[in-house]
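Chemist: mind looking at a prediction? Sequence and model below.
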Amino acid sequence: MYQLVQSQQSVSIHVIKLIFSLYKFILIFYFNQFLHHLLPRIHLSFLFGLRKMAHMGSSKNRGEVRIHESLDELSTDLADYIAELSEASVKERGFFAIALSGGSIISLMRNLCGAPYNKTVDWSKWYIFWADERVVAKNHVDSNYKLAKDHLLSKLPIVPSHVHSINDSLTAEEAANEYEFVIRQLVRTRVVDVSEVSDCPKFDLILLGMGPDGHVASLFPNHSALEEKNEWVTFITTSPKPPPERITFTLPVINSAANVVVVVTGGGKAEASRMAIGDVGPECPVLPARMIEPTVGKLVWFLDNQAASKL
Ligand SMILES: O=C1O[C@H](COP(=O)(O)O)[C@@H](O)[C@H](O)[C@H]1O
């Protein structure tokens, strides 16, 4: 009898042990599943959250960051965005004063030349300026005017007298002074709006590219032109990127715009994009692109995947 009770007890202990180890096994199994599937997802959503924060702009008003899968996607979004700004500005002020840059940005604006924008945009209200220009003849291969004319302006019904390019027969200094004078006349007639917080012009949109060294317009790292506070347009004769002679909008003018768009593409600009937009430490050199902080206007970065790869 005792033996029987003993053996019954040991059987039930064995059953309990078995159930317990089964339970342990199930727990381990699910924990394993958690590690393999759920945890990475939580991790990813955490990263995604961070990335989204970059999309929405974070701490130091680095603006909105739009990251695109391809150049085609970027061009489509860029054309849409410019068309929206043009519509809003024409509705509000009756004009759209837009400053272009040179370089890759022009070919990325190509979609504006086709449907639906060729029909829907009120081109007669567009006034064209340049955020920077190389001091070369208008038909020179380095001319930002020529680039825009060949690939954009010649394909759009823009009124010729609304296109304000620099006088290419002057020295860099004279060209900068004359260009500023032209802008002053147009501010007086409010074709170009005026900033409510500075005495600067308030362009409806300034479009900028960024070089791999973080330069924007013709504002290069460690160049004295970055310090210019009084002039609207300044000149340089020692550009590290050829050609050496250029005119450029100053930082106060860029930061007074109603809208600033910076378009950056390619892996060669990934590090500069990180330093211009990302959260960087005080040891990081301050790039001209990081000095773009519109006082009241809106800043939007248009990046492709490669340029955004280090954000
Ligand atoms: O020299 C210049 O370079 C920048 C950047 O050009 P990208 O071809 O690298 O996009 C351009 O934005 C600026 O207008 C131009 O003069």
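Modeler: Received the coordinates, thanks. Numbering: from 1, shown residues only.

Chemist: which parts of the stretch 101-250 of the chain are helices?
Modeler: 105-108, 117-120, 144-151, 172-188 (DSSP state H, counting those that start in this stretch).

Chemist: which other residues reach the second one?
Modeler: Think helix 117-120. 79, 83, 111, 112, 156, 157 (C-beta atoms under 8 Å, 6 or more residues apart in numbering). From N, CA and C alone the C-beta is placed, and that goes for glycine too.

Chemist: turn the residues you listed into JSON lines, columns for pLDDT.
Modeler: Output for the contacts of helix 117-120, formatted as JSON lines (pLDDT from 0 to 100):
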{"residue": "79", "pLDDT": "98"}
{"residue": "83", "pLDDT": "98"}
{"residue": "111", "pLDDT": "97"}
{"residue": "112", "pLDDT": "98"}
{"residue": "156", "pLDDT": "97"}
{"residue": "157", "pLDDT": "97"}
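
Chemist: residues contacting the residue of the stretch 151-300 of the chain found nearest the ligand?
Modeler: Relative to the ligand, the nearest point of the stretch 151-300 of the chain is residue 209 (2.9 Å; C-beta to the nearest ligand atom). Applying C-beta under 8 Å, 6+ apart, we find residue 209 in contact with 101, 102, 103, 104, 105, 216, 262, 263, 264.

Chemist: for stretch 121-129, which outside residues touch it?
Modeler: By C-beta under 8 Å, 6+ apart, the surrounding residues in contact with stretch 121-129 are 83, 86-87, 90, 94-100, 112, 148, 153, 156-159, 162-165, 183, 186, 191-192, 203.

Chemist: quick check: which element contains residue 84?
Modeler: helix 71-93 (DSSP states H and E).

Chemist: list the buried residues for that helix?
Modeler: 71, 74-75, 78-79, 81-83, 85-86, 89-90, 93 (16 or more other C-beta atoms under 10 Å).

Chemist: tell me the one of the contacts of residue 209 nearest residue 297?
Modeler: residue 262 (12.5 Å; C-beta to C-beta).

Chemist: give me the residue from the stretch 51-200 of the chain nearest the ligand.
Modeler: Closest point on the stretch 51-200 of the chain to the ligand, by C-beta to the nearest ligand atom, is residue 103, at 2.4 Å.

Chemist: per-residue confidence at that residue?
Modeler: Listed pLDDT for residue 103 reads 97.

Chemist: cool, and residue 139?
Modeler: 98.

Chemist: that one contacts residue 146, correct?
Modeler: Yes. Between residue 139 and residue 146 there is a contact under C-beta atoms under 8 Å: 6.0 Å.

Chemist: more neighbours: which of these two?
Modeler: residue 146 (18 against 10; other C-beta atoms under 10 Å).

Chemist: name the helix or strand of the chain that has the lowest mean pLDDT.
Modeler: Comparing every helix and strand of the chain by mean pLDDT, DSSP states H and E singles out helix 39-56 as the least confident one, with a mean of 34.

Chemist: would you reformat the helices of the stretch 101-250 of the chain as a markdown table and include distance to the ligand?
Modeler: Formatted as a markdown table, these follow (distance: least, C-beta to the nearest ligand atom, whole Å):
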| stretch | distance to the ligand |
| --- | --- |
| helix 105-108 | 6 |
| helix 117-120 | 22 |
| helix 144-151 | 6 |
| helix 172-188 | 13 |
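
Chemist: weakest of these in terms of mean pLDDT?
Modeler: helix 117-120 has the lowest average pLDDT among the helices of the stretch 101-250 of the chain, namely a mean of 93.

Chemist: buried ones in that helix?
Modeler: Across helix 117-120, burial judged by 16+ other C-beta under 10 Å covers residue 117.

Chemist: who in the protein is up against the ligand?
Modeler: Within the chain, the positions lying close to the ligand (C-beta under 6 Å from any ligand atom) are 101-105, 132, 144, 208-209, 211, 217-218, 241.

Chemist: reformat these as TSV; add distance to residue 251.
Modeler: Listed next are the residues of the chain next to the ligand as TSV, based on distance: C-beta to C-beta, whole Å:
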residue	distance to residue 251
101	15
102	18
103	19
104	22
105	19
132	12
144	19
208	12
209	16
211	16
217	9
218	12
241	18
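
Chemist: of those residues, closest to residue 293?
Modeler: residue 208 (13.1 Å).

Chemist: hang on, isn't the closest one packed against residue 263?
Modeler: Yes. Applying C-beta under 8 Å, one finds residue 208 in contact with residue 263, separated by 7.3 Å.
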